[in-house]
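Colleague: Compute the structure for the input listed below.
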Amino acid sequence: MLNTMEIDGFQAVIKYDPEIDMFRGEFIGLNGGADFYARDVKGLKKEGSLSLKVFLEMCEEDGVSPRRDYSGRFNVRVPPHLHAEITRAADSEGKSL
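Modeller: Residues are numbered from 1 along each chain as shown. Predicted coordinates for the structure are as follows:
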């Protein structure tokens, strides 16, 4: 199970760090890193909002989009026989991989 939290319209993954007895949040889908730590949900929301605010301010100062751009393409490794089968199926539908 993946633990996520939405903070100010951005998604963050939340994990427990037993070494420091705290929860760590890390925003995903950003053009850079923004993380935060807290001992409870209320603290995560507060610290996450502060971390995100700093990140967004830095993006604005640097003139960059805070969200990562996605091409719509990704690589998947499959066995060669499956690759051939999928390619044939795509070709028969006039599609490409």
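
Colleague: and L97, what pLDDT?
Modeller: If you check L97, the pLDDT there is 75.

Colleague: name the element the closest residue to it other than its chain neighbours belongs to?
Modeller: Across the structure, with CB to CB, 6 or more residues apart in numbering as the measure, the residue nearest L97 apart from its sequence neighbours is A90 (5.5 Å). Where you see a C-beta, it was placed from the backbone N, CA and C, and this is true even at glycine. In this structure, A90 sits in helix 80-92 according to DSSP states H and E.

Colleague: In contact with E47, which residues?
Modeller: Residues counted as contacts of E47 (CB atoms under 8 Å, 6 or more residues apart in numbering) are 25, 36-38.

Colleague: same question but for D8, I mixed them up
Modeller: Shown in contact with D8 (CB under 8 Å, 6+ apart): 48-49, 52.

Colleague: tell me which residues of the lengthiest helix in the chain are tucked away?
Modeller: Secondary structure assigned by DSSP state H gives helix 41-62 as the longest helix of the chain. Within helix 41-62, the residues that qualify as buried by neighbour count (16 or more other CB atoms under 10 Å) are 44-45, 47-48, 51-52, 55, 59.
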